[in-house]
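Undergrad: got a sequence here, can you model it:
(chains A and B)
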2 protein chains.
Amino acid sequence: MTVPVPADVLSRLKAVLGEGGWSQDPDRLAPKLVEWRGRWTGESPLLALPKTTEEVAAVVGICFEAGVPITTQGGNTGLVGGQIPRGEILLSTERMRAIRDVEPYDDVLVAEAGVKLAEVHEAAAAVRRRFPLGLASEGSATVGGAVSTNAGGTQVLRYGMMRNLVLGLEAVLPNGEIWNGLKRLRKDNTGYDLKQLLIGGEGTLGVVTAAALKLYPVMASRAVAFIGLESPADAIKLLARAKEETGGAVEAFELLARIGIEFAVKNVPGTRDPLPEAHPWYVLAEFSSGEAGSAEAAMERFLSQALEDGLVRDAVVAQTEGQAKALWAIREDQSVAQKPEGVIWKHDVAVPVSQVADFIARANAAVLDVAPRARILAFGHVGDGNIHYDVVQPESGAADPEHSARREEGMLRVHDIAASMSGSISAEHGLGVMKTAEALRYKAPVEVEVMRAIRNAMDPKRIMNPRVLF
Amino acid sequence: MTVPVPADVLSRLKAVLGEGGWSQDPDRLAPKLVEWRGRWTGESPLLALPKTTEEVAAVVGICFEAGVPITTQGGNTGLVGGQIPRGEILLSTERMRAIRDVEPYDDVLVAEAGVKLAEVHEAAAAVRRRFPLGLASEGSATVGGAVSTNAGGTQVLRYGMMRNLVLGLEAVLPNGEIWNGLKRLRKDNTGYDLKQLLIGGEGTLGVVTAAALKLYPVMASRAVAFIGLESPADAIKLLARAKEETGGAVEAFELLARIGIEFAVKNVPGTRDPLPEAHPWYVLAEFSSGEAGSAEAAMERFLSQALEDGLVRDAVVAQTEGQAKALWAIREDQSVAQKPEGVIWKHDVAVPVSQVADFIARANAAVLDVAPRARILAFGHVGDGNIHYDVVQPESGAADPEHSARREEGMLRVHDIAASMSGSISAEHGLGVMKTAEALRYKAPVEVEVMRAIRNAMDPKRIMNPRVLF
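TA: Next comes the predicted model:
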């Protein structure tokens, strides 16, 4: 708990926000004070609900002057606790809901921070365009949150992370000034690219109030296949071949382990084993093309060659949109499918793509050394080198306290291996309050120093998300 | 001219650089003290020629301690004077020439700062990959320079600028510390993305010593067409259609004006008018695909539909690699073709794509108001909204002093129009010493303040490229 916020600051905040612009009602605050999995809970003396950028600026300005800290929250879908206040003013973007502009000639959509990703998808589709960043949580996750955490998802392989999809930003800086960087230019070399600091800055360098997002053409054809194979090493070879043969038309290339299929079949009603026989590993691959029929043809050519060469053991290609959805559901359900299995250590690591197989082998050995009967589930965005490496407790009817007790040690071993490969301990989820201290183990001191110097230059009183990052 | 560098600093620099690592020979320095078009000339008490990152760190460390300024130079191809010293130590990366690694599974190439872009292209091709950033000056331009200036080129439409092609950087910071950020990860959300500050930082926040660059698949088919049309507005409509129909397989979409074709035919030996009749405007379009024959087929479909709809007046598709090169040469020669025509005001502006036609119309009116007989040549990367807007003096045998005299006024009018459209006065060339002062006219004070605060935090003595940026 931080220092109590002075009463006069609360009064001034209420005055600038006006009726409906703030709340101290415990019921209104409650859902915003709990992380959705219940891992973090918090408290806040005031929920600020600004509707305009000017109101955000007024709130931040008052807090800056008084040295009162703020935590900003979007859709509250973060996985590292960065959005949950511990005594700070809670600034929610939920009332900043306007899509200010959609311009198909510019391939741009300008949305305020509180717009949900799913709403961006709809607005883009309405002008025959596509915004290619999808998350399981896109019905709740907001533009502001996705920008501030540099969100990823399953289409990063082709389109990049949020960082790559932002043309411009509007933000309120820690001193309460509004920065209008809401350009929609593809090119602008006139000084440091400040928006890059706010993207992935986890709310520590300001409040993102609106973003100009890049749109893409709608694809005329897509092909989704579920592929059984021998090993992660084969998955990497297959990926290289897919990229070469399609000229980069690979939309997604997701690795799954056999145990993940078994969990899904067992724990997610309606899930069917996608292939007649079991295989040690699987890849869910999606190709797309601007030309009708072309993705399907490319997938057929690609798979028959790989089957012939023995790189692939078996594969099924979705023949209908419904089948494609069912195959994707197996991938998307990998987290919920493991939940009933008890205590799980989760990791969100990235390593160079060429080292994914080696990482999995080394991490398995290290984990089994710590927890010999653990069930290991490695899956994720192999095309980006991003593995969600989950370690599930031994089979049992109830939560295993021993597995919980070994979590710290196991996590350290896994992260040490990723770091030894110049990898990342947080590929897409960010550091938040969960991983900031741990990240200090792996970051070069010079890098942390520079980050602190920049933060101090922009937020000398450290009022923005003070417990997050360095 | 800055303050003379103390003799003991020079001695210490020579000592850490060792034999062959420095020069004070006027003949050795001369080519590095003149901008290639002769617009800027400079001077330097010492040319530092470090071969390793450690030597760069030693040089910068000595200069930091003594408060002695440094200008860093790569291939000396910059267009805004940022690479020419005016009394600073001149740090050249010309001896940092190693390609440290090429890893096709990671789609990564790690090159030191002094490696030329053309060498990157060759090394990528050797492993059946492609580095998709090409510049007319790629035989001289270096990796370090291209990173520091966030270089663009003709393939930005599909692959983005240099910023989008860098996975990691190694750099020496202004205090002489080495930052090893040479990761090759596609995803890493662990704090601010510091490399983004150095990319496009024009050497003011450190010396880039090496970069991990993204590679892409080689394309199996490509189609190049030269298209005659009525207006820039039609070019924008055509671009939107090309992106929609090909699902984003447009590699390049370059606008040219009739007068540019005439200059090329007249002034560049061997150039032929690409179409039988003259058209007011032209587009050079390139499609590519991973599938053999697919780009050609897409181009044929696209053009026949556009001809039928009257959006296109005429078009020719290259049937051989030689023809494709000849068509591209017309585009690439647009700068040299105008040179014999006398005094030229050049602009490198960007506006939102949807406003390109409006920009050209408004800028033409403003320019003809200042210089009624000027010949206006607008061309460039219309797909990125980036127009090289050149204003050539009236036809005459000799350089026109009157046209020179009106340059400032004309440039101001053109830039004011771009700025009024939330455009950029330097889309890809950067600010250097040429445009920094002018950029202050258009930047919001809050943005300049933040840039200065960051620079001051990282380089409190302002020793790195001190005359460049804010």
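Undergrad: what's the distance between A:Phe131 and chain B?
TA: 13 Å (CB to the nearest CB, to the nearest Å). In short, each C-beta sits where N, CA and C put it, glycine included.
Undergrad: relative to A:Ala151, how far out is that residue?
TA: For A:Phe131, the distance to A:Ala151 equals 12 Å [CB to CB, to the nearest Å].
Undergrad: of the two, which one has the most company?
TA: A:Ala151 (29 against 23; other CB atoms under 10 Å in any protein chain shown).
Undergrad: surely the more buried one is in contact with A:Gly160?
TA: No: with contact defined as CB atoms under 8 Å, A:Ala151 does not reach A:Gly160; the gap is 11.0 Å.
Undergrad: so A:Ser335: helix, strand or coil?
TA: Three-state call for A:Ser335 (DSSP: H, G, I helix; E, B strand; the rest coil): helix.
Undergrad: tell me the contacts of it?
TA: A:Ala136, A:His388 (CB atoms under 8 Å, 6 or more residues apart in numbering or on different chains).
Undergrad: now the one 10 residues further on
TA: Applying CB under 8 Å, 6+ apart to A:Trp345 gives the contacts A:Asp390, A:Val391, A:His403, A:Arg407, A:Gly410, A:Met411, A:Val414.
Undergrad: make it 6 Å
TA: With contacts defined as CB atoms under 6 Å, 6 or more residues apart in numbering or on different chains, A:Trp345 is in contact with A:Val391, A:Arg407, A:Gly410, A:Met411.
Undergrad: show the pLDDT at A:Met1.
TA: Per-residue pLDDT puts A:Met1 at 48.
Undergrad: show the contacting residues for A:Ile99.
TA: A:Ala111, A:Val115, A:Ala123.
Undergrad: equivalent analysis for A:Arg186, please.
TA: A:Arg186 is in contact with B:Asp384, B:Gly385, counting by CB under 6 Å, 6+ apart.
Undergrad: for it, give me the pLDDT.
TA: pLDDT, A:Arg186: 94.
Undergrad: and the residue of the stretch 251-400 of chain A found nearest chain B, backbone torsions?
TA: Going by CB to the nearest CB, chain B is nearest to A:Gly290 of the stretch 251-400 of chain A, at 2.1 Å. Here is the backbone geometry of A:Gly290 (degrees, to the nearest 10): phi -80, psi -10.
Undergrad: residue contacts, it?
TA: A:Gly290 neighbours (CB under 6 Å, 6+ apart): A:Ala220, B:Thr246, B:Gly247, B:Ala249.
Undergrad: so what's it closest to, chain neighbours aside?
TA: B:Gly247 (2.1 Å; CB to CB, 6 or more residues apart in numbering or on different chains).
Undergrad: and the pLDDT at the residue nearest the centre of chain A?
TA: Closest residue to the average C-alpha location of chain A: A:Ala151 at 3.8 Å, with CA atoms, centre = their mean. As predicted, A:Ala151 sits at a pLDDT of 97.
Undergrad: name the nearest residue to it, sequence neighbours excluded.
TA: Nearest non-adjacent residue to A:Ala151, counting by CB to CB, 6+ apart: A:Met162, 4.7 Å away.
Undergrad: just give the number of residues close to that neighbour.
TA: Every residue meeting other CB under 10 Å relative to A:Met162 is counted, giving 27.
Undergrad: from A:Leu169, how far off is it?
TA: Distance of A:Met162 to A:Leu169, given as CB to CB: 11 Å.
Undergrad: what residue ranges in chain A score low on pLDDT?
TA: Along chain A, the model assigns pLDDT under 70 to residues A:1-2.
Undergrad: can you list the buried residues in the helix or strand harbouring A:Leu10?
TA: Assigned by DSSP states H and E, A:Leu10 belongs to helix A:7-17. If you call a residue buried by 16 or more other CB atoms under 10 Å in any protein chain shown, then helix A:7-17 has these buried ones: A:Val9, A:Leu10, A:Arg12, A:Leu13, A:Lys14, A:Val16, A:Leu17.
Undergrad: and the residue nearest to A:Gly290, what does it touch?
TA: By CB under 6 Å, 6+ apart, B:Gly247 lies in contact with A:Pro217, A:Met219, A:Ser289, A:Gly290.
Undergrad: need the max-distance pair from those.
TA: A:Pro217 and A:Ser289 (10.7 Å; CB to CB).
Undergrad: out of those two, which sits in the more crowded spot?
TA: With neighbours defined as other CB under 10 Å, A:Pro217 and A:Ser289 compare such that A:Ser289 has more, 30 against 21.
Undergrad: other residues contacting stretch A:461-470?
TA: Residues outside stretch A:461-470 that contact it (CB under 6 Å, 6+ apart): A:63-64, A:67, A:69-71, A:82, A:174, A:202-204, A:431-433, A:436, A:448, A:451-452, B:191.
Undergrad: just the buried residues from those, in ChimeraX please.
TA: The buried subset of the contacts of stretch A:461-470, as determined by 16+ other CB under 10 Å, is captured in ChimeraX by this line:
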select /A:63,64,69,70,71,82,174,202,203,204,431,432,433,436,451 /B:191
